[in-house]
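S.K.: next one to model:
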Amino acid sequence: MFNNQQIALIRRLWIFIPPKRKFQFLILLILTIFSAFLDVFSLGAIFPYLGIILTPQKVLNNTFYQKLLLFLNINKGDNLLIFFTFLFITLIIISTLFKFFLFYFQSKLSSIVASGLSKTTFNNTINQNYEFHLYQKSSEVISGVNKSNGIAGNTIIPIITIINSILLIFFIFITLTIINPNISITVIVFTLIFYLFVIKITNKRIKQYGKIMSHNATKIIQIIQESLGGIKDIIIRRNQDFYTRYYLNKNIPLLESMAKVDFISTIPRYLLESLSIISLITFIFFLSKSNGNIQAYLPTIAALVVSLQRLLPVIQQLYANITKLKSNEASLKKVLYYLELEPLQKFKSTKENIIFFNKEIKLINISFKYQSDSKFILSDLNLSIKKGNKIGFVGESGSGKSTLLDLLVGLLKPFNGNIQIDDIVLNDENIHNWMKKISHVPQTIFLADSTIAENIAFGLPLKNIDLNRVKKVCEIAQIADTIEGWPISYNTLVGERGVRLSGGQRQRIGIARALYNNSEILILDEATSALDEKTEFAVMNELQKISHELTLLIIAHRISTLKYCDKIFEIQNENLNVYNSFEDYLNKKVL
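M.R.: Next up is the predicted model:
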């Protein structure tokens with residue numbers, strides 16, 4: 001039924017189920033077994049019930065039942081029939097109500113476990129280092145997190161259902177054996193051989209369709225992200241048809257594969273139902289020909305009909321869940337990849353890992369390349385930044401300016417060399433405390449689909465936002481007048497990715513966000529590229545006023561921005577040129 005690879009995948013998933021939920025799954029399994037027992041008990045009761053209808057006197061005269069009937073004051077066939085009819089209906093109602101409860105419990109547990117797995121997947125992903133995210137496609141991550149929501153319903157619940165189905169088939173087999181051993185063996189053996197044959201011939205196809213479904217579901221997320229992200233260019237270039245075709249090229253195979261899996265999982269049921277009806281009719285026909293008194297066989301026939309009616313859906317359920325497990329194997333592998341990621345360790349502030357910045361930052365013999373087989377971007381670089389300095393970084397596109405600042409922040413680790421803060425080497429234990437001292441303004445500002453105030457006090461609950469501070473940093477960023485001129489001011493929604501704002505407004509909100517944190521170091525990575533010269537001049541002047549509180553590191557978009565800098569570092573051919581002033585840089589007077 002399951003190969004070693006599938007069993008190994010299930011075991012890996014089971015590790016991530018909390019002990020409390022594992023216990024609840026055990027309870028669910030026990031309840032499922034009890035439900036199967038109730039089903040078979042209801043089924044087994046049909047045979048004596050039909051006997052009571054056809055020959056009630058036999059039951060009344062049976063010494064085994066007489067004491068019970070005497071206690072119940074039953075001495076007539078009609079009373080006996082009424083009592084057992086009531087008992088039989090009650091048993092069916094209890095069984096049905098228990099199934100309702102069981103289904104609710106199963107659905108609830110599945111959603112709780114899915115929520116936990118999804119949280120772990122998301123948490124592990126966002127708690128990876130920056131280098132991990134450099135090589136991860138966002139569509140892959142989104143797909144993995146989305147798939148984790150359905151992993152309990154597509155893996156664990158089907159396993160429990162399979163166990164329930166196997167037990168139910170076994171109990172029905174025992175019941176049929178008591179009624180008629182020959183018929184029982186024939187029905188069970190034929191049915192199982194039929195389904196085993198179907199599983200054998202469809203196994204590879206189902207796995208293949210599962211891979212197609214998993215791959216194309218990820219691609220569709222990627223297409224939607226890319227098309228919405230570039231919607232302006234798409235509209236201008238009239239590329240809607242191209243992206244629609246691109247979408248269909250991935251969506252059609254996905255839906256076709258889903259349809260084929262549904263077809264494969266359903267078609268055996270209809271074939272077997274037809275074969276069962278034909279077999280039953282043939283059995284009754286030959287029985288009537290061989291023995292005219294068919295009435296004597298009515299309880300057996302009735303029990304057989306009801307058994308088949310109950311057995312076929314159970315076997316179909318067993319097969320459908322096996323199919324579901326196989327078709328979701330590729331998705332399970334993807335979810336397990338993210339579940340098994342080791343999240344970055346969260347260090348608490350202690351005397352040992354607290355880091356202070358009172359003097360200078362030193363980069364000593366720093367070399368860096370993104371992959372082991374790629375060329376060095378920076379090579380044996382040395383520099384020193386005094387606290388309170390305003391440093392400009394220049395160089396050709398791709399020279400390594402942003403990489404250098406990512407190393408300084410701690411987002412990347414140097415291939416060789418080390419970074420020292422007041423002669424303390426940055427390491428895994430103190431890097432988190434170091435990052436708390438830094439605010440970073442990139443060229444492209446990410447804005448959440450929330451209010452201006454929430455975007456400036458990014459990551460804080462609304463109730464914890466200091467609106468006075470929000471206004472103050474907006475004044476420094478030269479956007480306070482603009483915001484306060486809007487009808488609802490700082491409660492204005494920016495739209496998804498800040499689509500309702502201009503590029504310059506987004507950048508100034510990014511600067512305000514960085515200032516709100518009150519950090520010791522402010523990094524501007526071409527953060528004024530969308531501003532006109534007048535606004536940039538005003539922003540830089542305001543930063544000058546508070547420069548005694550800040551160490552300012554600037555990747556300049558315009559050369560004129562560098563005139564505010566105490567030193568200018570030029571990265572050229574993996575090396576560093578240092579200029580002591582803006583004038584020295586203009587005259588290329590290297591230190």
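S.K.: can you pull out the strands in the stretch 451-591 of the chain?
M.R.: Assigned by DSSP state E, counting those that start in this stretch, the strands in the stretch 451-591 of the chain fall at 521-525, 551-555, 567-572, 575-579.
S.K.: now these as a markdown table including mean neighbour count, distance to residue 331 and mean pLDDT?
M.R.: Placement of C-beta: from N, CA and C, glycine included. Below are these laid out as a markdown table (neighbours: other Cβ atoms under 10 Å; distance: least, Cβ to Cβ, whole Å; pLDDT from 0 to 100):
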| stretch | mean neighbour count | distance to residue 331 | mean pLDDT |
| --- | --- | --- | --- |
| strand 521-525 | 24 | 38 | 87 |
| strand 551-555 | 23 | 42 | 88 |
| strand 567-572 | 20 | 44 | 86 |
| strand 575-579 | 18 | 48 | 84 |
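S.K.: could you dump those to CSV with distance to residue 176?
M.R.: Output for the strands of the stretch 451-591 of the chain, formatted as CSV (distance: least, Cβ to Cβ, whole Å):
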stretch, distance to residue 176
strand 521-525, 75
strand 551-555, 79
strand 567-572, 82
strand 575-579, 85
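S.K.: state the phi and psi torsions of the residue most central in space within the chain.
M.R.: Nearest to the geometric centre of the chain sits residue 145, at 1.6 Å (Cα atoms, centre = their mean). Per-residue torsions, residue 145: phi -70, psi -40 (degrees, to the nearest 10).
S.K.: show me what contacts it?
M.R.: 118, 121, 122, 125, 338 (Cβ atoms under 8 Å, 6 or more residues apart in numbering).
S.K.: scan those and report the most crowded one.
M.R.: Within these, residue 121 tops the neighbour count with 27 neighbours, counted by other Cβ atoms under 10 Å.
S.K.: which helices and strands sit right next to whichever strand or helix holds that residue?
M.R.: Assigned by DSSP states H and E, residue 121 falls within helix 77-126. Secondary structure elements in contact with helix 77-126, counted by 3 or more Cβ pairs under 8 Å, 6 or more residues apart in numbering; DSSP states H and E, are helix 19-44, helix 46-54, helix 56-61, helix 138-149, helix 157-179, helix 329-339.
S.K.: let me have those in CSV, adding mean pLDDT and distance to residue 465 as columns.
M.R.: What follows is the helices and strands packed on helix 77-126, written out as CSV (pLDDT from 0 to 100; distance: least, Cβ to Cβ, whole Å):
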stretch, mean pLDDT, distance to residue 465
helix 19-44, 82, 36
helix 46-54, 66, 68
helix 56-61, 64, 79
helix 138-149, 80, 28
helix 157-179, 78, 42
helix 329-339, 86, 32
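S.K.: I'd like these laid out as a markdown table, including distance to residue 440.
M.R.: Below are the helices and strands packed on helix 77-126 laid out as a markdown table (distance: least, Cβ to Cβ, whole Å):
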| stretch | distance to residue 440 |
| --- | --- |
| helix 19-44 | 40 |
| helix 46-54 | 74 |
| helix 56-61 | 86 |
| helix 138-149 | 20 |
| helix 157-179 | 45 |
| helix 329-339 | 26 |
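S.K.: pick the most buried one from those.
M.R.: Mean neighbour count (mean count of other Cβ atoms under 10 Å) peaks for helix 329-339 among these, with a mean of 21.
S.K.: which secondary structure elements does that one sit against?
M.R.: helix 4-14, helix 77-126, helix 138-149, helix 151, helix 181-229.
S.K.: what angle do the longest one and helix 4-14 make?
M.R.: Regarding helix 77-126 and helix 4-14, their directions subtend 80 degrees when assessed with axes from the mean of the first three to the mean of the last three Cα atoms, to 10 degrees.
S.K.: how far does helix 77-126 sit from its chain's centre?
M.R.: In this view, helix 77-126 has its centroid 27 Å away from the chain centroid, taken as Cα atoms, centre = their mean, to the nearest Å.
S.K.: what is the subsequent helix or strand relative to that helix?
M.R.: By DSSP H and E, the next helix or strand past helix 77-126 is helix 130-134.
S.K.: hmm, who's touching that next one?
M.R.: For helix 130-134, contacts defined as Cβ under 8 Å, 6+ apart pick out 370, 406, 411, 412, 413.
S.K.: and which of those is nearest to residue 579?
M.R.: Distance to residue 579 across the contacts of helix 130-134 (Cβ to Cβ) is lowest for residue 406, with 22.4 Å.
S.K.: if we can go back for a sec, closest to residue 393 out of the contacts of residue 145?
M.R.: Looking at the contacts of residue 145 and their distance to residue 393, the nearest is residue 125, at 30.7 Å (Cβ to Cβ).
S.K.: burial check on residue 385, number of neighbours?
M.R.: Neighbours around residue 385, by other Cβ under 10 Å: 20.
S.K.: sec struct for it, please.
M.R.: strand (DSSP: H, G, I helix; E, B strand; the rest coil).
S.K.: would you mind measuring from it to residue 379?
M.R.: Note on residue 385: its distance to residue 379, by Cβ to Cβ, to the nearest Å, is 19 Å.
S.K.: ok, now residue 570?
M.R.: According to Cβ to Cβ, residue 570 and residue 379 sit 15 Å apart.
S.K.: which residue is the nearest non-sequential neighbour of residue 157?
M.R.: Nearest residue to residue 157 in three dimensions, chain neighbours excluded: residue 110, at 5.3 Å (Cβ to Cβ, 6 or more residues apart in numbering).
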